[in-house]
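Q: need a structure here:
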Amino acid sequence: MEGFRIPPAMEFSGNMGQNWATWIQKFELYMLAAVDTNASEEKKVAIFLNLIGDAGLEIFNTLKLKISSTKLEDVKAAFKKYCEPKKNVVFDRFKFLSCTQKDGQSITSFITEIKTLVKNCEYTNEDEMVRDKIIMGMKDDNLREKLLQNESLSLKKTEEICNIMEISRQQASVITGNQPKPDYAVDAVTQKRLNKLSNRNSYNKSFIKCQRCGYKHDNRKCPAFGKTCSYCKKHNHFSACCLLKNSNDKNKKKKKPETSPVETISLCEEVDNLFIDTIHINQLKSKLSDCSNEEMLAENIMINNAIVCFKLDTGAECNVLPTKVYCTKICSLDGIAPANVNLMAFGRKMVQVRGLINQYWV
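A: Residues are numbered from 1 along each chain as shown. This next block holds a predicted model:
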């Protein structure tokens, strides 16, 4: 018996039916390879009880069987009856039909799992059921489509196509030097909008300020990508970072340093969610034309030859004007454009937006 691998003791916990099927297969292989076929039944039973372990020996003692007068087949039948519970075909079929390929599971492993589950289902044609379940339960849509193109598809042909596809992917990954990636694997795509209220502490300080959007972000995640500049009408940058606009602004500063345009008051179309500081309506009503209120940091700014008092907020993502101030000092609301934005003040309080305007201030 030397030189042959001895089966380990059987585990009598968990799924005993499956444990028994696996252990008895190993035992029979060992008996076939290492034990003389002419050995007595008593010796075969003794080898069985020696290999099955202490727990199996205790179970044998409860079966009222004697080693000297019992055949090995009778012992195996008694243990099979003890380990295998009463079959429930409906439940076994439920497990078979609900089985699908798991994330990261190879198609070969999935086919083996399906073949194992179908054994207890008592189907008339197991091959057809396994073939159908492989096609329905796999995650690879491209492979499924290729299989469905075959009019007379057998289980053997299905396995051959699946194995060829899996091997070809592994070989291609070796050639390209990349890890194999199944067709069903989909990279997660997320879209993060700039919101200082929720993301103020989440920026990585190592990020470099982007020259296209003006913000700090991860590589290839610029919010300006695919957008159109409202100034030069070119793509992939915001108007605040427009080189043509900045160049024109510099020229205007040189000519008229005291009245040169500094910025365009515009609710940026590229951003849907904008953040501003608190707005005190009482303060705005009492100080519409000057900034003498010492309780807030403000500045008088001339718009269309009218002086308007603005509260200064370096953390705001847009500039806002009360409707009354706009109608009184600038013009009517007839020419404003519709706004598709959400304006949020400190404390997550939403502010109603009437529309968008574009005006130069000095």
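Q: pull the contacting residues for residue 5.
A: residue 30 (C-beta atoms under 8 Å, 6 or more residues apart in numbering). Backbone N, C-alpha and C define where each C-beta goes, glycine included.
Q: and it, which of the three is it?
A: At residue 5 the chain is in coil, as set by DSSP: H, G, I helix; E, B strand; the rest coil.
Q: beta partners for residue 342?
A: Under DSSP bridges, the beta-bridge partners of residue 342 are residue 273.
Q: roughly how far does it sit from residue 320?
A: 13 Å (C-beta to C-beta, to the nearest Å).
Q: among the helices and strands of the chain, which has the poorest mean pLDDT?
A: Lowest mean confidence among the helices and strands of the chain (mean pLDDT, DSSP states H and E): strand 263-265, at a mean of 39.
Q: can you name the residues in contact with whichever helix in the chain runs longest?
A: As assigned by DSSP state H, the longest helix anywhere in the chain is helix 155-176. Here helix 155-176 makes contact (C-beta under 8 Å, 6+ apart) with 106-108, 111, 127-128, 130-131, 134-135, 138, 140, 143, 146-147, 150, 179-182.
Q: report the backbone C-alpha coordinates of that helix in CSV.
A: In CSV, the C-alpha atoms belonging to helix 155-176 read as follows (Å, rounded to 0.1, in the frame of the first residue of the first chain):
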residue,chain,number,x,y,z
LEU,A,155,-23.7,20.1,-24.9
LYS,A,156,-20.3,18.9,-26.3
LYS,A,157,-20.2,21.7,-28.8
THR,A,158,-21.1,24.2,-26.2
GLU,A,159,-18.3,23.1,-23.9
GLU,A,160,-15.8,23.2,-26.8
ILE,A,161,-16.7,26.8,-27.8
CYS,A,162,-16.5,27.9,-24.2
ASN,A,163,-13.2,26.3,-23.6
ILE,A,164,-11.7,27.7,-26.8
MET,A,165,-12.9,31.2,-25.9
GLU,A,166,-11.4,31.0,-22.4
ILE,A,167,-8.1,29.6,-23.6
SER,A,168,-7.8,32.2,-26.4
ARG,A,169,-8.3,35.0,-23.9
GLN,A,170,-5.6,33.7,-21.7
GLN,A,171,-3.2,33.4,-24.6
ALA,A,172,-4.1,36.9,-25.8
SER,A,173,-3.4,38.3,-22.4
VAL,A,174,0.0,36.7,-22.3
ILE,A,175,0.9,38.2,-25.7
THR,A,176,-0.3,41.7,-24.8
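Q: list the buried residues of that helix.
A: The neighbour-count criterion (16 or more other C-beta atoms under 10 Å) identifies 155, 158-159, 161-162, 165-166, 169 as the buried residues of helix 155-176.
Q: can you put these in TSV and add pLDDT and distance to residue 55?
A: Shown next, in TSV, are these (pLDDT from 0 to 100; distance: C-beta to C-beta, whole Å):
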residue	pLDDT	distance to residue 55
155	91	39
158	92	41
159	92	38
161	92	45
162	92	40
165	89	44
166	89	40
169	86	44
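Q: so which of those is the closest to residue 337?
A: residue 169 (52.1 Å; C-beta to C-beta).
Q: how is this protein partitioned into domains?
A: 16-83, 89-176, 190-261, 263-362 (automatic domain parsing).
Q: any chance of the ones you listed in a markdown table, plus distance to residue 5?
A: Formatted as a markdown table, those follow (distance: least, C-beta to C-beta, whole Å):
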| stretch | distance to residue 5 |
| --- | --- |
| domain 16-83 | 8 |
| domain 89-176 | 22 |
| domain 190-261 | 51 |
| domain 263-362 | 65 |
